[in-house]
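Enquirer: here is a sequence together with a model predicted from it:
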Amino acid sequence: MNNLGIWKTLFLGFQHVLAMYAGAVVVPLIVGSSLGMNQQDLAYLISIDLFTCGIASLLQVAGGRFLGVKLPIILGCTFTAVPPMITIGKLEGLPAIYGSIIASGIIVMIVSQIFSKIVKWFPPVVIGSVVTTIGVSLIPVAMNNVAGGQGSQSFGKIENLGLAALTLVIVILLNRFFKGYIRSISVLIAMIIGTAVAWGLGIVDFTSVSKEKWFQLVEPFHFGLPQFHLSSILTMTLVAIVSMIESLGVFMALADLCEKKLSDNDVKKGFLAEGLAYVIGGMFNSFPYTSFSQNVGLVALSKIKSRSVIVAAGLILMVLGLLPKIAAITTIVPNAVLGGAMVPMFGMVITSGIRILSTVDFKQNENLLIVACSIGIGLGISVVPSVFKEIPESIRVIVDNGIVIGSLTAIILNLILNRKKETAQHVNTPQSAAETL
């Protein structure tokens, strides 16, 4: 597959791992801490995430004759899945999260065969509204961590606010004065420095690291067998469709970099691999996986386009997933430091939505109505979830989730108001979305 040699291939693969490591470990940190996991369970969640990231990446880059887009792509958990997973976990428990991930993965595998026919239902006005709503709903999670974590005895204390501010400032400075690789891992560097400062203040406790084992096999359904709830499946399916459109942009960008002509069959096999990655993530009690756009920048920067480098990265991720002591080191990051890192990361989800909406023609009143109603209703329900407390339970499970009802509002209003309008503009949307995230 290349003539780089094994050591150079491993080194370049490890560089890809470092580029996506922050995104890979922050998601389980956020979800696990938001759902009240202890440090041992949190360490396992990070380990299994790294392990299944490796499996998912191998499926995409070297999946076989009928699977994978065969481009140098790393897969990781999409941030758009974070608030739905937290919401589902709090309302219906961890098994419901994994049931929704498995079900949505199966749906992605089915939809992959007809995606070109239904993508017209998701023009920029719909995708932009959905991504913006998801992004804004993430901010309360970030701010709770900035203050020290919801329910923490030190909530709102000056040391927490100072650590969060320090982490945020470091991210900003690294992005201001550095380019390329340093910029791509700015969040990881900021978290390391923030944690080091917190250790100097006596806030960090290494007890959990010393107690953790060096090696542990992963196991499917570690946190319980999956449960399937309609509202949870709808939520995760909407996230999956948004991720498919973002992944299409990543496919297009990498195909251009690798000077490869991307056929419809290549795209279908790429989406099929992503759907299977969802199913595997759910089975291993991990996360839904999608193409990571930050690694596209690394391919462009390094000029190394060999798939064997990504195979090496996938294998390294799987090995790291078997070393819980390494994952335990990640769990000592204080909530305030994590919150400081969350603010720019979650803010980027919002700006991604805004960037997509910037391609929409707002001179058309129909588009204004779609955005206003979908975001307004979605955020309204998220802020005041008790608005539907008097309606029957069978209906409430669907309308009680702001992301679901906001997304459905955008889709339905677009079909009603824009059904006769040209929707071909969606062709340019995915790449802009992927470049932003």
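Expert: Yep, that arrived.

Enquirer: check whether Val136 really touches Val383, as I assumed.
Expert: No. Applying C-beta atoms under 8 Å, one finds Val136 not in contact with Val383, separated by 10.0 Å. All C-beta atoms are positioned from the backbone trio N, CA, C, and that covers glycine.

Enquirer: so Ile73, which state does it fall into?
Expert: coil (DSSP: H, G, I helix; E, B strand; the rest coil).

Enquirer: what's the local residue count around it?
Expert: A total of 28 residues lie near Ile73 under the criterion other C-beta atoms under 10 Å.

Enquirer: which residues does the residue nearest the centre of the chain contact?
Expert: Geometric centre of the chain, nearest residue: Thr78, 1.5 Å, by C-alpha atoms, centre = their mean. Contact analysis of Thr78 by C-beta atoms under 8 Å, 6 or more residues apart in numbering lists Val239, Val242, Ser243, Glu246, Pro288, Tyr289, Thr290, Leu437.

Enquirer: find the nearest non-adjacent residue to the first one, please.
Expert: What sits nearest to Val239 in space, not counting adjacent residues and going by C-beta to C-beta, 6 or more residues apart in numbering, is Ala81, at 4.9 Å.

Enquirer: contacts only, for that neighbour.
Expert: Val27, Met236, Val239, Ser243, Phe287, Pro288.

Enquirer: host element of the fourth one?
Expert: Element membership of Ser243 [criterion: DSSP states H and E] is helix 230-257.

Enquirer: let me see the mean pLDDT of that helix.
Expert: Mean pLDDT, helix 230-257: 80.

Enquirer: more neighbours, Val136 and Val383?
Expert: Neighbour totals were compared for Val136 and Val383, and Val136 leads with 21 against 12 (other C-beta under 10 Å).

Enquirer: can you give me the strands in this structure?
Expert: Assigned by DSSP state E, the strands in the chain fall at 75-77, 289-291.

Enquirer: list the pairing partners of the first one within its sheet, with orientation.
Expert: When pairing is defined by DSSP bridges, strand 75-77 lines up against strand 289-291 (antiparallel).

Enquirer: can you tell me what sits against the partner strand?
Expert: Identification of contacts with strand 289-291 by C-beta under 8 Å, 6+ apart yields 52-53, 56, 60, 73-78, 243-244, 246-247, 250-251, 270, 274, 277-278, 281, 434.

Enquirer: cool, stretch 326-333 as well?
Expert: 25, 29, 39, 42-44, 46-47, 50, 191, 194-195, 204-206, 208-209, 212, 320-321.

Enquirer: stretch 310-318 too?
Expert: For stretch 310-318, contacts defined as C-beta under 8 Å, 6+ apart pick out 1, 9-10, 12-14, 16-17, 24, 50-51, 53-55, 57-58, 61-62, 72-74.

Enquirer: for that stretch, the averaged confidence score.
Expert: Mean per-residue pLDDT for stretch 310-318: 88.

Enquirer: what does stretch 107-125 give?
Expert: Taken as a whole, stretch 107-125 carries a mean pLDDT of 81.

Enquirer: show me what counts as buried in it.
Expert: Residues of stretch 107-125 classed as buried by neighbour count (16 or more other C-beta atoms under 10 Å): Ile107, Val108, Met109, Val111, Ser112, Phe115, Val119, Phe122, Pro123, Pro124, Val125.

Enquirer: now the two most distant members of those residues.
Expert: Using C-beta to C-beta, the pair of the buried residues of stretch 107-125 lying farthest apart is Met109 and Val125, separated by 27.3 Å.

Enquirer: hang on, isn't Ser308 packed against Thr9?
Expert: Yes. Using C-beta under 8 Å, Ser308 makes contact with Thr9 at a distance of 5.6 Å.

Enquirer: related to what we said a few turns ago, now the buried members of the contacts of stretch 310-318.
Expert: Here, 16+ other C-beta under 10 Å leaves 9-10, 12-14, 16-17, 24, 50-51, 53-55, 57-58, 61-62, 72-74 buried among the contacts of stretch 310-318.
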